[in-house]
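Enquirer: Okay, here's the prediction I keep looking at, along with the sequence it came from:
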Amino acid sequence: MKLKKPLQLDGRTGEGGGQLVRIACALAAVRSQPIRINHVRANREGKRGGGLKAQHVAAIQWLVENTEAEVDGIAVGSQTIEFRPSLPPTALKQRKFNITAGSSASSTTLIVQAVLPYLLFAGNENGEPIELEIDGGTNCSFSISYEYLDQVLLPTLQDRFGTVVERQLKKRSWTMGPLTQGSIWLRIHPLRPGQSLKLQQPWDRPITAEDFKLKRINASILVPYALKEHMERALVNDLDRLFPGVDVNFLAFEDSGHEARMYALLVAHSETGLRWGRDYLYDKSRKKKSPETLSSEISRKVCKDLFEEISVRGVVDEYLQDQLVIFQALADGRSSFPRGAKPADADADGGVPDDLDSSNEPPDHPKPERSMRKDKTDKPFGEGSTHTTTARWVASELLPTVQWFNKGSICDGTGISFSLDT
């Protein structure tokens, strides 16, 4: 049997960071496609450095072991990695796993992004779920939090693609304050053998002003207890000013246990089931700042970001859009998660647009096929953040039959599936 030639990827392309590595390795594992990534995370400078981090090594090592892959360059700091998986997802026999990310600075949620696509296709004839426990950080810089995973990403995957992932935060850990090891638990219900991932709603459902009428905003606050009342008061005042008449539900409060640990997540829910999340892990100097000042600063930042996000009139938020790309590419059929441009008046420091009414039109909705324009995929493309455009490029490299149209706003997925004898 002739060995496949590794697909060559330049790790400096687009966002040039860990996301490129995670998506490439995830799709390589799903497809049993050998890849070689050069200049790994070369666009990351300073403390974030280049090369593989502990969380990348942990995720790739798990994929190596469970696909019986050959691998070169799997070490912290490695600038080049070659990954040659051989077993498809349906070959996975074990149903319980543990991955240790390394430290509280290593994000558990980023490991989820790397291994979840493979696990979704690892169904067996008995329909058994897969349990996964990941030890590492739950609230880390430069990654989504467990709260965002729990309240935004996984619910959206269930609503849009029917994926069911039960989850539990077993122990929290932070990159701020004393370092401790955290843990999350997931129970993934994979697709049955022969099934493909499918969009649960019509891809071309019209987007109207009704989609942006808010039903409620859920707030989660993780701060020292001394800030609790100040944070609640600041959020209520800021949200009432920006979203008058919208119910605010304080979904969670937790004493973060250290003055350096301050985090807030807001998730807006529309009357039609859309959701947008914005959060803030405080990373500025807190010296000589009173609880009132800190609370006001955090609230103003996260409320302003949420307001601007919804002003864009997209059906997903900025971070959700790039995380859905891999599932769009793998799915059977057409999907669309358009997101417009940031309002021109939303850049002034401390300021927000004056109004959020229905006069702000939703982004252009995908038109019928006769007006669809096929995108070139030889480099990062389309609308959205650099992470989103890079994700589309990586997915297109690993899944050559995927097609994108109208600046990445429409995806015709590959419809990949696996039988038990694959």
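Expert: Thanks, I have the structure now.

Enquirer: Could I get the buried residue list for the longest helix seen in the chain?
Expert: Scanning the chain for the helix with the most residues, using DSSP state H, yields helix 291-311. By neighbour count with 16 or more other C-beta atoms under 10 Å, helix 291-311 contains the buried residues 294-311. All C-beta spots, glycine's among them, are computed from the backbone N, C-alpha and C.

Enquirer: Centre-most residue in this protein?
Expert: In the chain, the C-alpha nearest the mean C-alpha coordinate belongs to Gln323, at 3.8 Å (C-alpha atoms, centre = their mean).

Enquirer: Count the residues that sit near the residue nearest to it when sequence neighbours are not counted.
Expert: Distances taken as C-beta to C-beta, 6 or more residues apart in numbering place Leu153 nearest to Gln323, at 5.8 Å, with adjacent residues excluded. Using other C-beta atoms under 10 Å, Leu153 has 21 other residues around it.

Enquirer: cool, and Gly273?
Expert: 13.

Enquirer: same question, the one 4 residues further on
Expert: A total of 26 residues lie near Gly277 under the criterion other C-beta under 10 Å.

Enquirer: sorry, back to before: I figured the residue nearest to Gln323 hits Ile326, correct?
Expert: No - contact criterion C-beta atoms under 8 Å: Leu153 and Ile326 do not qualify, at 11.7 Å.

Enquirer: Provide a list of residue ranges in the protein with pLDDT below threshold.
Expert: 1-3, 45-49, 341-370, 422 (pLDDT under 70).

Enquirer: where do the helices sit along it?
Expert: Counting by DSSP H, the helices of the chain are 18-31, 54-67, 108-120, 146-148, 154-161, 228-242, 291-311, 318-330, 386-398.

Enquirer: Mind checking those helices for the one nearest to Gly102?
Expert: Nearest to Gly102, of all the helices of the chain, is helix 54-67, at 3.2 Å by C-beta to C-beta.

Enquirer: Could I have the CA atoms of that closest one written out in PDB?
Expert: Output in PDB follows, covering the C-alpha atoms of helix 54-67 (Å, rounded to 0.1, in the frame of the first residue of the first chain):
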ATOM      1  CA  ALA A  54       2.100  22.000  26.600                       C
ATOM      2  CA  GLN A  55      -1.600  22.100  25.700                       C
ATOM      3  CA  HIS A  56      -0.900  21.400  22.000                       C
ATOM      4  CA  VAL A  57       1.400  18.500  22.900                       C
ATOM      5  CA  ALA A  58      -1.200  17.000  25.200                       C
ATOM      6  CA  ALA A  59      -3.900  17.100  22.600                       C
ATOM      7  CA  ILE A  60      -1.700  15.900  19.700                       C
ATOM      8  CA  GLN A  61      -0.300  13.100  21.900                       C
ATOM      9  CA  TRP A  62      -3.900  11.900  22.600                       C
ATOM     10  CA  LEU A  63      -4.700  11.900  18.900                       C
ATOM     11  CA  VAL A  64      -1.400  10.100  18.200                       C
ATOM     12  CA  GLU A  65      -2.200   7.300  20.700                       C
ATOM     13  CA  ASN A  66      -5.700   6.800  19.500                       C
ATOM     14  CA  THR A  67      -5.100   6.900  15.800                       C
END
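
Enquirer: Numbering from 428 from now on, please.
Expert: With 428 as the first residue, the last one maps to helix 481-494.

Enquirer: Report the angle between that helix and helix 535-547.
Expert: 20 degrees (axes from the mean of the first three to the mean of the last three C-alpha atoms, to 10 degrees).

Enquirer: who are the neighbours of helix 481-494, in terms of helices and strands?
Expert: With contacts taken as 3 or more C-beta pairs under 8 Å, 6 or more residues apart in numbering; DSSP states H and E, helix 481-494 sits against helix 445-458, strand 508-511, strand 523-527, helix 535-547.

Enquirer: Go again with 10 Å.
Expert: Packing partners of helix 481-494 (3 or more C-beta pairs under 10 Å, 6 or more residues apart in numbering; DSSP states H and E): helix 445-458, strand 497-499, strand 508-511, strand 523-527, helix 535-547, strand 557-563.

Enquirer: distance between the fourth one and the chain's centre?
Expert: Meaning strand 523-527. 20 Å (C-alpha atoms, centre = their mean, to the nearest Å).

Enquirer: List of residues touching it?
Expert: Identification of contacts with strand 523-527 by C-beta atoms under 10 Å, 6 or more residues apart in numbering yields 481-482, 485-486, 488-489, 492-493, 533, 535, 538-539, 541-542, 546, 556-563, 608, 610, 612-614.

Enquirer: among those, which ones are buried?
Expert: Buried, going by 16+ other C-beta under 10 Å: 481-482, 485-486, 489, 493, 533, 535, 538-539, 541-542, 546, 556-557, 559-563, 610, 613, out of the contacts of strand 523-527.

Enquirer: residues in contact with Ile538?
Expert: 449, 482-483, 485-487, 489, 526-529, 559, 561-564, 570, 611.

Enquirer: Apart from its neighbours in sequence, what residue is nearest it?
Expert: Ile538's closest residue in space is Ala486 (C-beta to C-beta, 6+ apart), at 4.6 Å.

Enquirer: Could you verify my assumption that the residue nearest to Gln750 touches Phe588?
Expert: No - if you go by C-beta atoms under 10 Å, Leu580 and Phe588 don't touch, sitting 11.5 Å apart.
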